[in-house]
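Student: Next come a sequence and a model predicted from it.
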Amino acid sequence: MPRVTITVPGKTPQPYRFQLDRESVTLGRGSENDIAIDCGSVSVKHAEMRRISGGYELRDLGSTNGIKSGDERRIVIPLHNGLPVTLGDVEFDFLLTDEELETLSHEQPQSEEHIPLPPLKEEPRQRPVRELQTSGGSGFGSFVLFLILAAVAFAAGLAMRFQKETGGSLVEAIKAKNAAVEAPANPAPEPAE
């Protein structure tokens with residue numbers, strides 16, 4: 001029976017065995033997988049080990065941290081006896097017995113499936129650029145409207161505070177002050193001659 005050993009950092013390696021005729025084995029953090037891996041760097045449904053003519057392959061299922069052979073991230077990795085692979089931060093070791101190697105050697109490898117694929121080139125993630133929608137100078141009009149509303153709010157705040165502190169109207173107090181400034185001062189009476 002093929003053997004897979006899963007080594008999660010800081011935990012004891014866990015061996016898994018399965019029949020050579022098993023078509024598919026799923027690996028991931030979710031409990032619905034054939035091999036559940038308790039590690040945060042492993043996606044819920046991370047990868048699938050598939051039986052192909054002449055051997056096995058490991059296929060990434062769109063995981064976040066991918067599968068790697070060496071330091072190269074790949075979508076598909078043809079599995080060979082003793083090949084170390086990583087799923088996220090987890091080590092995945094694939095081992096076959098001599099008898100299994102003999103059985104697989106008599107099978108014709110699938111030509112396209114066993115060709116090593118080039119490493120997956122990761123594009124740097126870019127945030128989508130949002131274009132500002134402008135309609136001919138509305139930015140300036142919006143700014144002026146903002147200033148007017150800010151001034152009205154400020155004046156309303158002052159009036160409310162004045163009324164709370166004095167009990168009178170700010171507008172009436174301003175009118176009274178202006179009337180006092182505009183009224184001419186009474187001239188001193190002229191001395192009688």
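Tutor: On my side now, so go ahead.

Student: And the strands in this structure?
Tutor: In the chain, the strands defined using DSSP state E lie at 3-7, 14-17, 24-28, 35-36, 47-52, 55-60, 67-69, 72-74, 76-79, 84-87, 90-95.

Student: Output these in TSV; the columns should cover distance to Ala153.
Tutor: Placement of C-beta: from N, CA and C, glycine included. Listed next are the strands of the chain as TSV, based on distance: least, C-beta to C-beta, whole Å:
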stretch	distance to Ala153
strand 3-7	63
strand 14-17	65
strand 24-28	55
strand 35-36	58
strand 47-52	59
strand 55-60	56
strand 67-69	58
strand 72-74	55
strand 76-79	63
strand 84-87	58
strand 90-95	58
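
Student: Let's have those strands in a markdown table, adding distance to Ser142, mean pLDDT and mean neighbour count.
Tutor: Written out in a markdown table, the entries for the strands of the chain read as follows (distance: least, C-beta to C-beta, whole Å; pLDDT from 0 to 100; neighbours: other C-beta atoms under 10 Å):
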| stretch | distance to Ser142 | mean pLDDT | mean neighbour count |
| --- | --- | --- | --- |
| strand 3-7 | 58 | 86 | 18 |
| strand 14-17 | 62 | 88 | 12 |
| strand 24-28 | 50 | 93 | 19 |
| strand 35-36 | 55 | 92 | 17 |
| strand 47-52 | 52 | 92 | 20 |
| strand 55-60 | 48 | 92 | 20 |
| strand 67-69 | 51 | 94 | 22 |
| strand 72-74 | 47 | 93 | 17 |
| strand 76-79 | 53 | 92 | 22 |
| strand 84-87 | 52 | 92 | 20 |
| strand 90-95 | 53 | 90 | 19 |
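
Student: now for those strands, which one comes closest to Glu107?
Tutor: Nearest of these to Glu107, taken as C-beta to C-beta: strand 55-60 at 7.7 Å.

Student: that older thread, relative to Thr103, which of the strands of the chain is closest?
Tutor: strand 55-60 (10.3 Å).

Student: what's the closest one packed up against?
Tutor: If you count contacts as 3 or more C-beta pairs under 8 Å, 6 or more residues apart in numbering; DSSP states H and E, strand 55-60 packs onto strand 47-52, strand 76-79, strand 90-95.
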